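Novice: here is a sequence with its predicted model. Questions after.
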Amino acid sequence: MRSRIAQSLTIAAFAATLAACSSVPLDEQGADQAGAGQGGAGATTGQVMDPFNPQSVLAQQRSVYFDFDSYTVSEQYRGLVETHARYLAGHPQQRIMIEGNTDERGGAEYNLALGQRRADAVRRMMTLMGVSDGQVEVISFGKEKPKATGHTEADYAENRRADIVYQR
Amino acid sequence: MTPETLSRFVRTAAPARVLLALVLLAAAALSWRPAHAQLRVDISGTGATQYPIAIADFSGDDAGRGIAEVIRADLTRTGQFRLVSAVGANLTVDTPVAYDDWRARGADTLAYGSINRSPDGRYDIRYRLADTVQHGQLDGVAFTGTDRELRRIAHQIADRIYEKITGVRGVFSTHIAYVVKQGSTYELQVADADGQDPKVALRSREPIISPSWSPDGRKLAYVSFESGKPVVYVQTLATSQRVPVANYKGNNSAPAWSPDGSRLALVLTRDGLSQIYVVNADGTGLRRVTRSPMIDTEPVFSPDGGSLYFTSDRSGSPQIYQTGLDGGDPRRVTFNGSYNISPRISPDGRTLLYVSRRDGAFRIASLDLGSGKEILLSDGRDDQSPSFAPNGMQVLYAAVQNGRSVLAGVSSDGRVRQTLSVLNGEVREPTWGPFPQ
């Protein structure tokens, strides 16, 4: 019951995102890369759409951050997820890993489960956007591989994260 | 008490080095060899009952002093013994004991013995335990072994003394496993229960968590990230051979052995969020146990093998539950506080350990399942990974002291604390092994 409600909410929010899809904050970085002659240039935005090109938004913007004790994708990352989802839907052979992470507080195994829940929230959103389950593997590093190794609130915020990683 | 038993672990120290790294990842390497880290032990507190005992240096060879020191250290760490000085006793195993003199010194029991080196280099160790109150012998045993086996023999003598006096089997001959992180290197190590003689079971550039002893003490299950994600392996310590027993899509983690060693409970995310499954020890026969839309993790078998304790956030915050192996409707076990994880059950099934968050600090809690009485065993800021000694008398856990991760121990009643700190590196995920077989 609970998950069904969450799902319908997600669909509604997704529809809202679609209506405003040209205003996602990706444009700033994409602008000066347009027309660079890259084979994977996006048709609608003119951006380089190649996850293995370091200049591409697909390579540069692939982290979704989460609030403390939160496991839902916040509104500001829907555009980012949508960009990846659209690419993946158009490249059904491409596979990705979504890697969940947590801050260092608490037990190793429980944090592993929490990181997985974060990564799974990104997967579910992508699935609703047309990405097939076979393209995505959701895993977690829990608190074991912190990007920020300090112990401040800012470090913790940096580590509450799911990364989208394209598989070669 | 055979020489075979004595030399089992020594034989495993032979360089049976298998480099699975070639097959898997260059980062992960296997070896079974001595580690560099040394452990330092600090003890505080005393037990409710303290038995006064004198332990004389064993006479006949210089090694006799070392034997007595290991026995004294073992008994002291429990907090249950008060050492009476035996300086200058100069007793051989055949010396008649002046019971009343030792009784007058305050010792209710006296351990003494002889050690002699034979021409082939082996040692002959003979020990006796005298009861100065009853004027009789409580124990007397002879051992033989090489110099490398002397510590093990001393631990076995300490085990005998502990059991003769307290009536409870000693744990000085058992082993502990834990993960040491030094820089970017992770080592799964196995050491004697006193932290001495550590050996590396697995070295990797990627994290290792959740080591779990097989009931016969011959294998460790653990989670390694060496392939880029969490995968459950089972490794045979003597041979360093290992097999992935759970490598499904998503996470594979939290292995725990059934009491008969035939099965493992573990956690997979192949069907969504973390859920509990049971597999045969060789990885076959996978079967799902819990079916919730929330997180279910950290399973441990009850001592009778009939049920599992586990962590779930199905109530909105992580709590400990118990379920039959056929799933069914799990029963909630913990109710104090909003964060209770990492359950461990005592060997007699009566006491549950877990990590509880109280006022922002993570503490080791102990719950008497019969009375519902809960006590906090630790007072640190970030105490994790509790496990019982196989006799249920002590608890091992990971603590953070002065910004460093250390191994800590506490008696099951919370009265006696000890710290075993590695001189370099962080120690995590400790777990106490079973009785030797």
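Specialist: Received it, and whenever you're ready, just let me know what you need.
Novice: okay, CA-based contacts and neighbour counts for the rest of this
Specialist: Will do.
Novice: from the chain's centroid, how far away is whichever strand or helix holds B:Ile165?
Specialist: Assigned by DSSP states H and E, B:Ile165 belongs to helix B:150-166. In terms of C-alpha atoms, centre = their mean, to the nearest Å, the centre of helix B:150-166 is found 16 Å from the chain centre.
Novice: what's downstream of that helix, the next helix or strand?
Specialist: Counting by DSSP H and E, what follows helix B:150-166 is strand B:175-182.
Novice: any idea which helix or strand in chain A has the lowest mean pLDDT?
Specialist: helix A:27-30 (a mean of 38; mean pLDDT, DSSP states H and E).
Novice: actually chain B, sorry about that
Specialist: Result, chain B / mean pLDDT, DSSP H and E: helix B:3-12, a mean of 28.
Novice: so who does B:Arg77 touch?
Specialist: When contacts are counted by C-alpha atoms under 8 Å, 6 or more residues apart in numbering or on different chains, B:Arg77 touches B:Ile43, B:Gln418.
Novice: show me the helices in the chain, by range?
Specialist: Picking chain A for this. Secondary structure of chain A (DSSP state H): helices located at A:2-19, A:27-30, A:57-60, A:78-90, A:108-128, A:153-159.
Novice: chain B was what I was after
Specialist: Going by DSSP H, chain B shows helices at B:3-12, B:63-77, B:99-105, B:150-166.
Novice: so B:Lys373 sits right up against B:Leu367, yeah?
Specialist: Yes. Applying C-alpha atoms under 8 Å, one finds B:Lys373 in contact with B:Leu367, separated by 5.7 Å.
Novice: what pLDDT does B:Ser240 get?
Specialist: Looking at B:Ser240, its pLDDT is 95.
Novice: so how far is chain A from it?
Specialist: 24 Å (C-alpha to the nearest C-alpha, to the nearest Å).
Novice: what's the burial count for that residue?
Specialist: 21 (other C-alpha atoms under 10 Å in any protein chain shown).
Novice: check the one 5 residues further on too.
Specialist: For B:Val245, the number of neighbouring residues by other C-alpha under 10 Å comes to 23.
Novice: I figured it was touching B:Leu286, is that so?
Specialist: No. Counting by C-alpha under 8 Å, B:Val245 does not reach B:Leu286; the two are 10.0 Å apart.
Novice: and the residue of the stretch 51-200 of chain B closest to chain A?
Specialist: Relative to chain A, the nearest point of the stretch 51-200 of chain B is B:Ser184 (10.5 Å; C-alpha to the nearest C-alpha).
Novice: list the contacts of that residue.
Specialist: B:Arg205, B:Glu206.
Novice: now do the same contact list for the residue in chain A that chain B sits nearest to.
Specialist: Closest approach between chain A and chain B, counting by C-alpha to the nearest C-alpha: A:Ile139, at 4.8 Å. Applying C-alpha under 8 Å, 6+ apart, we find A:Ile139 in contact with A:Met97, A:Ile98, A:Glu99, A:Gly100, A:Gly115, A:Gln116, A:Ala119, B:Lys229, B:Pro230, B:Gly250, B:Asn251.
Novice: compare those and tell me which is most surrounded.
Specialist: Neighbour max across the contacts of A:Ile139 (other C-alpha under 10 Å) = A:Gly100, 32 neighbours.
Novice: beta partners for that one?
Specialist: When bridges are called by DSSP bridges, A:Gly100 pairs up with A:Ser140, A:Ala162.
Novice: what sits against B:Leu91?
Specialist: Contacts of B:Leu91 (C-alpha under 8 Å, 6+ apart): B:Ala56, B:Asp57, B:Phe58, B:Ser59, B:Tyr112, B:Gly113, B:Ser114.
Novice: out of the residues you listed, the closest to B:Pro347 would be?
Specialist: For the contacts of B:Leu91, the residue nearest B:Pro347 by C-alpha to C-alpha is B:Tyr112; the value is 32.2 Å.
Novice: flag the shaky bits of chain A, pLDDT-wise.
Specialist: Across chain A, residues meeting the criterion (pLDDT under 70) sit at A:1-46.
Novice: near chain B, which residues of it?
Specialist: Chain A comes close to chain B at residues A:3, A:106-110, A:113-114, A:116-117, A:120, A:137-141, A:144-145, as judged by C-alpha under 8 Å from any C-alpha of the partner chain.
Novice: for chain A, what are the nearby residues on chain B?
Specialist: So chain B meets chain A at B:207, B:209-210, B:229-230, B:249-251, B:253-254, B:269, B:272-274, B:293, B:295, B:297-298, B:311, B:341-342, B:362, B:382, B:384-385 (C-alpha under 8 Å from any C-alpha).
Novice: now, of these, which are buried?
Specialist: Among these, those classed as buried by 16 or more other C-alpha atoms under 10 Å in any protein chain shown are B:207, B:209-210, B:229-230, B:249-251, B:253-254, B:269, B:272-274, B:295, B:297-298, B:311, B:341-342, B:362, B:382, B:384-385.
Novice: so who does the residue in the stretch 251-400 of chain B that chain A sits nearest to touch?
Specialist: Going by C-alpha to the nearest C-alpha, chain A is nearest to B:Asn251 of the stretch 251-400 of chain B, at 5.4 Å. Counting by C-alpha under 8 Å, 6+ apart, B:Asn251 touches A:Gln116, A:Val138, A:Ile139, A:Ser140, B:Lys229, B:Pro230, B:Val231, B:Val267, B:Leu268, B:Thr269, B:Arg270, B:Ser274.
Novice: go again with 10 Å.
Specialist: A:112-113, A:116, A:137-141, B:223, B:225, B:229-232, B:267-270, B:272-274 (C-alpha atoms under 10 Å, 6 or more residues apart in numbering or on different chains).
Novice: do A:Leu58 as well
Specialist: Contacts of A:Leu58 (C-alpha under 10 Å, 6+ apart): A:26, A:47-52, A:80-81, A:83-84, A:87, A:164-166.
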